[in-house]
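K.L.:
need a 3D model of the following:
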Amino acid sequence: YDNMKKIFILIAVMCTAIITTQAQIITWAVKPDVYSKIEPCWGDMYFAYNGNNIGIINGDGRVIVAPEASRITGFYGGLCLVLKSDGGQERIMGILSTDGSYTKIDGAYFTIPYQEFFSEGLLTVTTPTGQAGYMNENGVVVKKFNVSFISPFSEGFAVVGENTSRSEERRVRKECRSRW
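P.N.:
Numbering: from 1, shown residues only. Just a heads-up that it's a prediction; the model follows:
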């Protein structure tokens with residue numbers, strides 16, 4: 001009975017020693033009460049929610065995009081758009097790449113519904129007055145048209161026109177010169 005007691009004590013001490021050596025101290029990269037929810041986004045980036053607003057943080061908790069956006073599009077061609085609802089439209093706050101670099105957009109530019117992606121390096125945008133144009137991946141508007149309708153580029157061409165009337169449309173090359 002004494003030997004059994006000694007073996008039990010020896011096993012208990014060994015288990016305690018093993019557990020103690022395997023224990024680690026947890027340090028939070030982001031305090032749990034800072035965001036209402038954190039979800040995986042891409043690589044080492046995470047969606048960080050603050051109520052209804054969304055932003056992006058990295059694995060160390062560093063803020064890449066402050067949680068002020070109402071929506072972040074999916075990545076397409078290595079880029080996504082950070083958007084904020086503004087008067088029934090979605091204003092472009094910035095452009096995020098899969099490597100974690102973020103370009104903040106100054107000025108008021110809005111997405112065109114169903115065209116919230118870069119095509120051939122250009123994004124279709126509108127101004128608050130409805131003037132359509134193209135923004136490059138660096139957030140620079142490279143061409144504005146005095147028209148209300150434009151389409152994404154495909155194989156070097158895009159449709160630009162007034163409203164959606166076929167008689168008022170024209171195709172433009174990527175250099176934004178008219179085809180005919």
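
K.L.:
torsion angles phi and psi at Ile112?
P.N.:
phi -100, psi 130 (degrees, to the nearest 10).

K.L.:
quick one: the helices in this protein?
P.N.:
2-22 (DSSP state H).

K.L.:
low-confidence stretches in it?
P.N.:
1, 17-29, 31-32, 163-180 (pLDDT under 70).

K.L.:
redo that, cut-off 80
P.N.:
1-6, 8, 12-33, 144-146, 148, 161-180 (pLDDT under 80).

K.L.:
for Val65, list each beta-bridge partner.
P.N.:
Applying DSSP bridges to Val65 gives these bridge partners: Ile56.

K.L.:
quick check: Asp106 vs Glu120, distance?
P.N.:
Separation of Asp106 from Glu120 (CB to CB, to the nearest Å): 24 Å. In this view, the C-beta of every residue, glycine as well, is placed from N, C-alpha and C.

K.L.:
look at those two and report which has more neighbours.
P.N.:
For Asp106 versus Glu120, neighbours defined as other CB atoms under 10 Å are more numerous around Glu120 (14 against 7).

K.L.:
and that one, what does it touch?
P.N.:
Taking CB atoms under 8 Å, 6 or more residues apart in numbering, we find Glu120 in contact with 152-154, 156, 174.

K.L.:
in strands only, show me those.
P.N.:
Among the contacts of Glu120, DSSP state E puts none in strands.

K.L.:
nearest to Phe47 among these?
P.N.:
Of all the contacts of Glu120, the one sitting nearest Phe47 is Pro152; the distance, using CB to CB, is 25.8 Å.

K.L.:
what's the burial count for the closest one?
P.N.:
By other CB under 10 Å, neighbour count at Pro152 equals 17.

K.L.:
count the neighbours of the closest residue to Leu81 other than its chain neighbours for me.
P.N.:
Leaving aside its sequence neighbours, Leu81 sits nearest to Thr73 (CB to CB, 6 or more residues apart in numbering; 4.6 Å). Thr73 sits with 15 neighbouring residues when counted by other CB under 10 Å.
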